[in-house]
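# here you go, sequence then predicted model.
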Amino acid sequence: MESDEHEFPPLSKMIIEQSSSVIALELIKKQALADSFYKKANDLFHDFLCCKENELLRKKNVELGIHQHSFFLSALIQLQPLADMQVMNLKMHRLVSDIKKKFQQQAPVVFGFNNKVTVLFQFEEATIQTYIVNQIQYFITNWSDSNHHFLRIGMGTCYSGLERIAKSYSEADKALSYLNSKQKDGIMQYQDIGINRLFIHQSQEEIISFIDEVFHPLKSDHDKNNDLEKTLLVYMETNRSPAQTSKTLHIHVNTLYQRLKKIEEKLGISFSNTEHLLKLQLACYLRKSN
C-alpha cells in the first residue's frame with residue numbers, strides 16, 4: 001500500500017509536535033512575565049497616585065522613571081473587549097510596545113492592566129502639550145486602522161508638579177468614563193467634556209428620568225406636533241429671545257406667550273425663577289445631547 005505523498009513522515013510529525021509544544025510553552029512564559037511586570041507597574045503607579053508625602057513622592061518617582069521638574073499628562077486607553085483573551089493580551093502588549101517605541105522618554109510609565117493601558121506623558125515645556133496631543137491622536141488613529149481594533153482614550157489636563165499627576169490621572173479616568181457612557185470610540189480630553197462633567201457618574205436611566213420629568217408633562221393627545229416641547233427647546237436655544245423664538249417656529253409672538261404660559265402651568269414652574277430656569281436649561285441640553 002503506497003503512502004500519501006502529502007503525508008509527513010513519522011519523524012517529521014514528531015518534530016513538529018514537539019516544536020509546537022516548546023513554542024506554546026515559551027509564549028505562556030512570556031505572557032506570565034508580561035502579566036507580572038504589568039501588575040507590579042500598576043501597583044507601583046497607584047501607590048504613587050495615593051502618596052501624599054513629598055518625600056515618598058520623590059522616592060517613587062525615581063522608581064517609575066519620572067522626571068521631577070516636568071509637565072505631566074495622563075492617558076487611559078481602553079481596548080475593545082474580545083472573546084479570545086490570548087488575542088486580547090497580544091493586542092495590548094503590541095499597543096504598549098508601540099507606545100514605548102513611539103514616545104520613548106516622553107512616556108516613562110506605560111503598562112497594561114485588564115483591558116486598559118495607562119500612559120503618563122512628560123515633557124519639559126508646557127508649550128509642547130499641543131504637539132504631544134496631536135502626536136497621540138495621530139498615533140492612535142494609525143494604530144487603530146492598522147490593527148483593526150477600536151480604542152477609547154481619556155486624557156487628563158497637563159500639569160506641573162509630581163503631586164498633580166494624580167489629578168491628571170483622575171481626569172483621564174473621567175474622560176474615559178464619559179466615552180463609555182456615550183458608547184463612543186476615539187479620544188476625549190477632560191477639558192472638552194464641558195458641563196457633561198457633572199453627569200459622568202450618573203446612569204443613563206437617571207439622566208433619562210430627569211429629562212422625562214420636564215418633557216413628559218408637555219405631551220398631549222391633542223398636540224400631535226409636540227408644539228410645547230418644540231417651543232421650550234427653541235426658547236432655551238435662542239437664549240429666551242421671544243422675537244427669535246417666534247421667528248424660528250414661524251408663529252406670532254402672542255402665540256409664543258400663550259405656549260410659554262401653558263408650559264409654566266403644566267410643569268408648575270416660573271421662567272422668572274432662577275432655580276426652575278436652570279432645571280429647564282439642563283433638561284433641554286441633555287435632551288439634545290442624548
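Okay, I see it. Residues are numbered from 1 along each chain as shown.
# which residues does T157 contact?
Residues near T157 by Cβ atoms under 8 Å, 6 or more residues apart in numbering: 73, 167-168, 171, 189-191. In this view, the C-beta of every residue, glycine as well, is placed from N, C-alpha and C.
# if you set the cut-off to 10 Å instead, what comes out?
72-74, 129, 164, 167-168, 171-172, 175, 189-191 (Cβ atoms under 10 Å, 6 or more residues apart in numbering).
# element containing it?
Using DSSP states H and E, T157 falls within no helix or strand.
# how close does it sit to I211?
29 Å (Cβ to Cβ, to the nearest Å).
# could you tell me whether L120 really is in a strand?
Yes. L120 sits within a strand when classified using DSSP: H, G, I helix; E, B strand; the rest coil.
# burial of it, as a residue count?
24 (other Cβ atoms under 10 Å).
# what is the burial count for S170?
For S170, the number of neighbouring residues by other Cβ under 10 Å comes to 14.
# of the contacts of T157, grab the buried ones for ChimeraX.
Selection of buried members from the contacts of T157 for ChimeraX, criterion 16 or more other Cβ atoms under 10 Å:
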select :72,73,74,167,168,171,172,175,189,190
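# pretty sure S272 is touching L280, no?
No. Contact criterion Cβ atoms under 10 Å: S272 and L280 do not qualify, at 11.9 Å.
# if you count surrounding residues, which of the two has more?
Per other Cβ under 10 Å, whichever of S272 and L280 has more neighbours is L280, with 21 against 8.
# let me know the pLDDT of the more buried one.
At L280, the model reports a pLDDT of 95.
# just confirm it is within a helix.
Yes. Counting by three-state DSSP, L280 is located in a helix.
# show me where this protein has its strands.
71-79, 109-113, 116-123, 151-155, 159-160, 186-189 (DSSP state E).
# which among those strands is found nearest to Y38?
Comparing these against Y38 with Cβ to Cβ, the closest turns out to be strand 109-113 (4.7 Å).
# send the alpha carbons of the closest one over as PDB?
Extracted C-alpha coordinates of strand 109-113, given in PDB (Å, rounded to 0.1, in the frame of the first residue of the first chain):
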ATOM      1  CA  VAL A 109       5.100  55.000  32.500                       C
ATOM      2  CA  VAL A 110       3.300  52.600  30.200                       C
ATOM      3  CA  PHE A 111       1.600  49.400  31.200                       C
ATOM      4  CA  GLY A 112      -1.500  47.300  30.500                       C
ATOM      5  CA  PHE A 113      -3.900  46.000  33.100                       C
END
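# isn't A107 right next to Q122, touching?
Yes. Between A107 and Q122 there is a contact under Cβ under 10 Å: 7.7 Å.
# any idea how far the residue lying closest to K279 once chain neighbours are set aside lies from R287?
Computed as Cβ to Cβ, 6 or more residues apart in numbering, the closest residue to K279 that is not its neighbour in sequence is V214, at 7.0 Å. Applying Cβ to Cβ, the value for V214 to R287 is 8 Å.
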